[in-house]
Every structure is written in structure tokens, then in C-alpha cells.
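Visitor: quick one, structure for this:
(chains A and B)
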Amino acid sequence: MRLSWNFIASTAIVAVAFALSPIGSADAAKLDGRTVKIGCLAPLTGKGTEWGQAGKASMEIAVEEINAKGGIGGLPIELICYDYQTLEAEALKSVSRLVERDKVLAISGPCFSGPFETIAPQLERLKTVINSYCSSKPGLSAMSPWAFRNTLTSDKQLKPVVAAWVKEYKMKKVVIIYDAEDAVSKSEGASVLPPLFKENGIEVLDSLTYRTKDTDYSAQVTKAKSLGAEGIGLGSCYQNAAAIAKEMQKQGLNVPIVGGACASAPGYIDIAGKAAEGTYMSTAAWIDDPRPEVQAYLKKVVVKLNGAKPPYGGPRAYDIIYSYKYCFEKSGVTNKPADLDSDRDKIRVCLGGLKNFPGVAGEITMNEVRDGAGSSAILKVIDGKYVNVAK
Amino acid sequence: MIYQQLINGLMLGASYSLVAIGYTLIFGVLNLLYFAHGEVFMVGAFVGLYLVIYAGVDIYGALLGAMIACGALGIVAVFVAVRPVSKDRPLAPLISTIGLTIVLQNLAVYLIGGRQLAFPETIKQQLYHFGPVTISSVQIFILAVAVTLMVLLWLFIERSKTGRAIRATAENHETAALLGVDVNRVVLITFVIGSGIAGIAGVLDGLKNSSISPFMGLGAAVKGLIVMLLGGLGNVPGAMVAGLMLGMIEILSAAYIGTTERDFFSFLILILILLYKPTGLFGTRTIDQR
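Guide: You can find the predicted model right below:
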């Protein structure tokens, strides 16, 4: 067989790139013990169910893949998961259990900014890394050197989305509707969207709130309509966002919607149906990205989720396990019980220096406050699907 | 805006009334807070959803199926959580129905998962404009079903022989039994009717909110309880009117005072009524409470 120069050159480039990549350069020294323990915090019930199920399934896929290839340092990963029911107090209890009883090296999760905000101040005492796969309220990782997020904060995610939304729909006045109880939704509605609208020359007519468990939004929609809103900015998770979109449709308020990452779960389109058309959303991972690694992951996770597609927390959770593998191998973790504290600290240092780590959600670089400054997308609902309209 | 908000209040209130009717009917005949009522409402919504998705029935089929399934669930509840429990201990049936609540909710989470599911659009969405008010075909349908059901139930309770037996049992079990009323049968019928209405209310709630979840029962149960107390324990017409009142109060307080304060007003009103008119606005229909 005759090999072309092009083939040899491209093979050589791929080999060199792989050798220089973070995964390729890891030092897989033999570890002590029987398993490598990673903690997982996933809300499998309550408002975060869709996110938690997707996160847990994605972590399991990554663990299965890694274990099938020999694990880390010759040991299989043991993923220890707790359902914290999307409750702050339960999340805190679960973290303590993972750190003190299960003695995990690092934790993937929690999902949602509320639990993250509750746990972060306790990390000085627990001295174990947490890394959230779906939390985007600005400023939370700065609360502790042990607190990491594999996601962009919502201010960074929403900035290009709002600009694109305004450019397309050319509205002049909007009403913001947000969840006054959910941490990231409140942050988006009260602190992130108002300055972004101002930046784009949009007048905010009013900011209306609701509570997470509310199911009726007719009063807010009627008020927004009576104020003459030309657009609606949502600080909301997908269940509430979809119900608001449906209520707008019922009351004939046919104006465009823009929402943050918590709203951009596939469930938004499932529930809102045609009322979702034209909505702009931010996200920290585009699940329909045609890149082969994303599609390979998607194929596996959809099977685990009984046919449902994951929200952005899924691919981010998958990437966290691989970034932990990299750090366990790269930073000289021994996995000896006596070295647990120093192992945890080595992981913290390694994770803080993560640069251009290749993930299915895009490259991950931890910024100075330990937020994943990776890629994001501008999603628009077109014909019942999220389409990335970022140029 | 006020007219549209009144329509919103009417819609919300109608859904509260339907849940509260079942509550108050059962309380009337048994003097029992039937905690599992909210979960029966949730089961009704899921029966309706699956009938639409898998059996391809229309909304009328979904309502009928949910009513029958929840009526049957009412019979199961009587035989599992009410009859076997000692009547000498007043708290025992309360605890057993709380147990049934937990079982039903956990069973739903186990079988369906904890996620919110979309309720299909079984009615073509059309908007009708009456001056400043916009009302959709879905809202008209929900309101029509709720009002028809309430009127039929009121006629049944007031005019039929079984209705009279239910009222007699609510007044006093022993006297009703002495007058030839089969009290056990009346309790069973009341559970079937109350649960059947909860099933219909669940489907209508799915239709109204476009989604359902295994956790929807708790919120409905709490609001149903407030309406029952507001209207007077065991007072069916009272529950109908009180539901509409609560819906109006919530919507108007959300529209003109603050959207996050609506629950504050619901509970404030409840506390005031318990303090100044413990028998509810329209008076209790159970003899022990008079």
C-alpha cells in the first residue's frame, strides 16, 4: 500500500497534537487502593430533575468509558452519587457525606446555583474540590478556592445572546419576568438582563417576579401585555419558562422571548411547543453540535435517558470526569488514605490551571475565579429545534 | 387590564374549586382530612396524558378515563386507608391517608421519573377578543367543563336520593343509619365522586398549564384545603364560591400588589377566617363543627 505525503503529514500532526494535549501528556502512574472515588451530586427529584438525571447519566458514561480502558492508574473509578432533591440543605448534607464518610478525591456537582452558593462557604472546612456542571450565577466560584464551575457565568453567556436577539427583532421596550426564589434566575432577572438591555438601547418597562412552584403566570403576562412589551426577558428555568411562553400564546402576546441557560433545556421546547418558536436562549453547550465527539456522546446519553436529549449540564458533567482523570494522572495523586488531604489539594491546583482542555462541550479553561471560560452558543428555536445562530 | 385579570382569576379559581369540592365532600361524610386527594388529582392528570398519547383518545376520552381511573382509586383508598383503620383513634385515618399520599407520589416518581412532562394540545388554540379581554378556546373549554361539573354535582347533591343520603350522612352517621342509609355505601360513593372530580381537575390542570409532574399534587392539595376551610367544611356550594374567590384574590394581588405576595394573601385570609369565622364564609355542613 502506498501512503500519500498528505496522509503521513496529517497523521503526524494528529499524533503530535495528541501528545501535546492535556490528556495525552498525563502521567498514568499506578495508584494505591482498589478504586478511585469520585463524588457526584445530582438532583434526581424536584425542579432540577432533568438536569440531574442528564448529569448523572453523563458522568456514568464517562466512568464506563474510562474504566473500559483500564481506569485511572490501573484502578477503576467508583462514582458515588447522591440525589439532593434540588434542595440546598440536602446538597450540603450530601457533600459532607461524600467528603467525610465516603472519602472521595473530588466531587462533580452540584447542579444549580442555589446549592452551590450554600456549599461553597463550607469548603474551607471540607477542603475538597466541587465542580458544578450547571451553575451560572456570576460570582459564586470566587467564594472559595475549592469551588469550581465547568460553565460560563450567565452574564457572559447572555451578552452575545441579547445582542443577537435585539438585532433580529429590533424591539425598544421589554418586560422582565423572573423567578424570585431560584438563585440563577433571580440573578439573571435582577442583575444580568437589565444592564444588558440598557447596553443594547432597550427600555425595561417593568420587572415581574414569580415563585418557583407557581404554575399560573396569567397575571404577569396580562400586565406585560398591558404595558406594551415588545419582548420578554426571562430569568427562569425551563418548566416555568415554557409555561410563561404558553400563557403568552393564550393571551395573544406574540412577542419574542430571550432566556438564560437554565431555560434552555430541551424540555422548554417539549412543553411550550409552537409557543417556543423564535425564542433566543443562552447555553454552555450546544447539544446538536455536529462535531463527531458531541454526537458520539449524544448517542450514548440519549439511550440512558430513554430517548430524551440532555440540557447543557449533561456534556459539562461528562467533561468534568475526564478533567478529573487528567488531574488525577497529571498531578501525582497517590490515592493512599494517608495522602487524602494532599491528593485533594493537588487536584485543586491542577484544576485551577486547566487550559484548553478538550471536552465535548468545547474547550475548558478555568479563569482566575475558577469558572470555565469555555465556549458558548446562541440558541434560537427554529422549527422545534435549538439552532446555534452564533456566527 | 382589570377585565383580563378577572378572567385570569376566574380560570385559576375554577381549578381551585374543582379540587376543593372533592376535599369538602369527603370531609363532609367522614370528618376526615383526606390528604391523598392531591395525589389522586396528579394520577388523573397522568391517566389523561397517557390516554391521549398511547390510546389516541381526544380530550373528552381523557377526561372520562381519568374520572373512571380516579374513581376506582377512590374505592382502593377506602378499602386500603380508611375502612381498615380504627375509628376510635381520630388521627389514625389521617396518618393512613398521608401514607397513601407518600406511596402514590413515590410510585409516580418511580414509574414516570421526576421530570415535568408536556401535556399535548388536544384542543385547537384559538383566540377570541371581547373588547379588552382575550380568551382562548382552551380557557373556554376548561371553564365550561368546570362550571358544568359543579352545577351537575350541586344538582346531584341537592336533588337526588343518593345526594340526600350523602347530606344525611354528613349531618350525622348514626341518625342517617337509623333512617336506613347504608353509611358504608355512602362513604364509598362519596370517595368515588370526589376522586373522579379530582381526576377531571387533574386533566384540566394539565390542559391549563400545558405540563404535569408527579409533584403537582401537593400544591393543589394545599390550595384545595384553603378553599375548603374558606368555604366551610363539607359545604360543596361554599367550596365552589370560595375557590373562585381565592383565584380572584391571588390574581388581583399578583397584578396590583406584588406577584410574589399572592400566597401571602391566601394564607392571611385563611388565618383571618379561622380567627373570626371558624366555620368558613358559608358555614360548615358537618354536625360536629356547628
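Visitor: test my guess that A:Trp71 contacts A:Arg34.
Guide: Trp isn't right for residue A:71; it's Gly. No: judged on CB atoms under 8 Å, A:Gly71 makes no contact with A:Arg34 at a distance of 10.7 Å. Quick note: C-beta positions are derived from backbone N, CA and C, even for glycine.
Visitor: for the helix or strand hosting A:Gln239, give the mean pLDDT please.
Guide: In this assignment (DSSP states H and E), A:Gln239 forms part of helix A:238-250. The average pLDDT for helix A:238-250 rounds to 93.
Visitor: and that helix, how far out from the chain's middle?
Guide: Its chain's C-alpha centre and that of helix A:238-250 lie 22 Å apart, by CA atoms, centre = their mean, to the nearest Å.
Visitor: put the alpha carbons of stretch A:160-177 into CSV.
Guide: C-alpha atoms of stretch A:160-177 as CSV (Å, rounded to 0.1, in the frame of the first residue of the first chain):
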residue,chain,number,x,y,z
PRO,A,160,-24.0,37.8,22.8
VAL,A,161,-27.5,36.3,23.0
VAL,A,162,-29.2,39.5,24.0
ALA,A,163,-27.3,41.4,21.3
ALA,A,164,-28.3,38.9,18.6
TRP,A,165,-31.9,38.9,19.9
VAL,A,166,-32.2,42.7,19.8
LYS,A,167,-30.5,42.8,16.3
GLU,A,168,-33.1,40.4,14.9
TYR,A,169,-36.3,41.6,16.5
LYS,A,170,-35.4,45.4,16.9
MET,A,171,-37.6,45.9,19.9
LYS,A,172,-37.4,49.0,22.0
LYS,A,173,-39.1,48.1,25.3
VAL,A,174,-39.3,44.9,27.2
VAL,A,175,-40.6,43.4,30.4
ILE,A,176,-38.5,41.0,32.5
ILE,A,177,-40.2,38.1,34.3
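Visitor: chain neighbours aside, what residue packs nearest to the residue of the stretch 1-150 of chain A found nearest chain B?
Guide: Nearest residue of the stretch 1-150 of chain A to chain B, counting by CB to the nearest CB: A:Thr49, 3.8 Å away. Sequence neighbours aside, B:Gly114 is the residue nearest to A:Thr49 in space, at 3.8 Å (criterion: CB to CB, 6 or more residues apart in numbering or on different chains).
Visitor: mind checking which helix or strand the one you found is in?
Guide: Applying DSSP H and E, one finds B:Gly114 in no helix or strand.
Visitor: from the stretch 51-200 of chain A, which residue is nearest to chain B?
Guide: Counting by CB to the nearest CB, the stretch 51-200 of chain A gets nearest to chain B through A:Ala180 (5.0 Å).
Visitor: enumerate every residue touching that residue.
Guide: By CB atoms under 8 Å, 6 or more residues apart in numbering or on different chains, A:Ala180 lies in contact with A:186, A:189, A:209-211, B:260.
Visitor: could you find the closest non-adjacent residue to it?
Guide: Nearest to A:Ala180 is A:Thr209, by CB to CB, 6+ apart, at 3.9 Å.
Visitor: tell me the mean pLDDT for stretch A:162-175?
Guide: Here the average pLDDT along stretch A:162-175 is 96.
Visitor: same thing with stretch B:28-36?
Guide: On average, stretch B:28-36 scores 82.
Visitor: and that stretch, how far out from the chain's middle?
Guide: That offset, for stretch B:28-36, works out to 12 Å (CA atoms, centre = their mean).
Visitor: who's in contact with it?
Guide: B:23, B:26-27, B:77, B:81-82, B:93-94, B:97-98, B:100-101, B:104, B:166, B:169-170, B:186-187, B:190, B:194, B:221, B:225, B:233-236, B:285-286, B:288.
Visitor: what residue is smack in the middle of chain A?
Guide: A:Cys134 (3.1 Å; CA atoms, centre = their mean).
Visitor: tell me what that residue is bridged to.
Guide: A:Cys111 (DSSP bridges).
Visitor: you'd agree it is up against A:Thr151?
Guide: Yes: with contact defined as CB under 8 Å, A:Cys134 counts as touching A:Thr151 (6.4 Å).
Visitor: shared neighbours, these two?
Guide: Contacts common to A:Cys134 and A:Thr151, judged by CB under 8 Å, 6+ apart, are A:261, A:284, A:312, A:316.
Visitor: number of nearby residues for the second one?
Guide: Counted with other CB atoms under 10 Å in any protein chain shown, the burial measure for A:Ala284 works out to 30 neighbours.
Visitor: that one and chain B, how far apart?
Guide: 20 Å (CB to the nearest CB, to the nearest Å).
Visitor: go on, the first one?
Guide: Computed as CB to the nearest CB, the A:Ala261 to chain B distance reads 18 Å.
Visitor: that residue reaches A:Met281, doesn't it?
Guide: Yes: A:Ala261 lies in contact with A:Met281 (CB under 8 Å); the separation is 7.4 Å.
Visitor: residue numbers of the stretch 51-200 of chain B in contact with chain A?
Guide: B:109, B:113-118, B:121, B:125, B:127, B:129, B:134, B:136, B:138-139 (CB under 8 Å from any CB of the partner chain).
Visitor: fine by me, we can end here.
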